[in-house]
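Undergrad: Provided below are the primary sequence and the corresponding predicted coordinates.
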Amino acid sequence: MQFFLNLLPFGLALAVSAGLTYWMVTADWKWAVDLPGERSLHTRPVPRTGGIGLFAGVLVSGAFVSLKGSQWPWLEPIIACALCAISLVDDRRGLSVAVRLSAHLGAALLFLVCVLVDGRGQLANLPAWLWLPLAFLTIVAMSNFYNFMDGANGMAGGMTLIGFGAFTAAAITTQPGLAALCAALAGAALGFLLFNWPGRIFMGDCGSVPLGFLAASIGVSGWLAGAWAFWFPAIVFAPFIVDASVTLLRRFWRGDRIWQAHREHYYQRAVRMGLSHGRVAMWEYVLMVACAAAALALPGFDAAGQALIFATIGLLFMLVMVVIDVRWRRHLAQHPY
């Protein structure tokens, strides 16, 4: 029964997100436009306001569910919408790194303070000195990782659909309110994806930054509520986390400015080597579905089985990265930049 109840926020968010995104595309609304450059993968100006339609769908779903008297967690989406507004200004005018990072740090701090004030922090099965700093860093990191990985048509939207779909499946029996929010996020992502797949509109920072915040903050909320283990969100969103982390570490090791825009992520190199945006997105979907399935299946295995699944996921990512690294070196030898 709960599955069918979650179809309502999913469908409502899908309809609102698709409708508003369609209007922005067909009205040629150019309030914020992503211009092609040496660090981008597109060749023509594209609107980057897709996050507006996405979060409008989530808010409308939340209002409708709340009016019906059902549970709906408002803390996470309200903070995410504040991040959306700040990031929309960044999409339009460009904000300094210090201002953007301050917003990310402030959002993470506000969320954790609210969690402690409302008493949910007492439900943690780890000491506060360990989980609070870890949660803070994770939320800030994911706010940026999501932004880094939003550079190919269809990729971030599709992986949002898969990731929050997995969250919905994990929370549906124990945390119906949280499951409804995740279902709405998945539906809103699908509405955006209908127009992002052909490259007619981008999510923009107003979409990617708050979605990264939500992936981490909902991950923390679900863990505190007992909907999943602390490692569950990390496995579900491992395709984002692994690519972004390895790329940043390599740039740091070389002495590059890690906050500068670039085209060195594994998915970006795959596109630059000739794979279409669609094929890259589909391969990322395969990785995301595999990680989500593994995360959902892990609780049913004993310690040995869980260790085997973890090892298999790790080897899978290592294999993918080695293959891309080898082919990238060959590509550079044939096409020096």
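TA: All right, it came through fine.
Undergrad: so who does M149 touch?
TA: For M149, the contacting residues are 155-156, 159, 208, 239-240, 243-244, 265, 267, by C-beta atoms under 8 Å, 6 or more residues apart in numbering. Backbone N, C-alpha and C define where each C-beta goes, glycine included.
Undergrad: for L316, same thing?
TA: Contacts of L316 by C-beta under 8 Å, 6+ apart are 287, 290.
Undergrad: Surely it is in a strand?
TA: No: per DSSP: H, G, I helix; E, B strand; the rest coil, L316 lies outside any strand segment and is helix.
Undergrad: how close does it get to R254?
TA: Distance, L316 to R254, by C-beta to C-beta, to the nearest Å: 26 Å.
Undergrad: show me what contacts L296?
TA: L296 touches 166, 169-170, counting by C-beta under 8 Å, 6+ apart.
Undergrad: I'd like the next helix or strand past whichever helix or strand Q268 is part of.
TA: Using DSSP states H and E, Q268 sits within helix 266-272. Following helix 266-272 in sequence order, the next helix or strand is helix 277-297 (DSSP H and E).
Undergrad: Specify the angle between the helix or strand containing L249 and helix 277-297 in degrees.
TA: Assigned by DSSP H and E, L249 belongs to helix 238-254. Here the directions of helix 238-254 and helix 277-297 differ by 110 degrees (axes from the mean of the first three to the mean of the last three C-alpha atoms, to 10 degrees).
Undergrad: and helix 238-254, what does it pack onto?
TA: helix 128-148, helix 266-272, helix 277-297, helix 303-334 (3 or more C-beta pairs under 8 Å, 6 or more residues apart in numbering; DSSP states H and E).
Undergrad: closest one to K68 among those helices?
TA: Checking these against K68 by C-beta to C-beta gives helix 277-297 as the closest, at 28.1 Å.
Undergrad: In that closest one, which residues are buried?
TA: Within helix 277-297, the residues that count as buried by 16 or more other C-beta atoms under 10 Å are 277, 280-281, 283-285, 287-296.
Undergrad: Any stretches of the protein with poor pLDDT?
TA: Along the chain, the parts satisfying pLDDT under 70 run over 1-6, 29, 31, 34-44, 336-337.
Undergrad: residue at max distance from the center of it?
TA: Q334 (34.5 Å; C-alpha atoms, centre = their mean).
Undergrad: Spatially, what comes nearest to A234 if we skip its sequence neighbours?
TA: Spatial nearest neighbour of A234, chain neighbours left out: I241 (6.4 Å); criterion: C-beta to C-beta, 6 or more residues apart in numbering.
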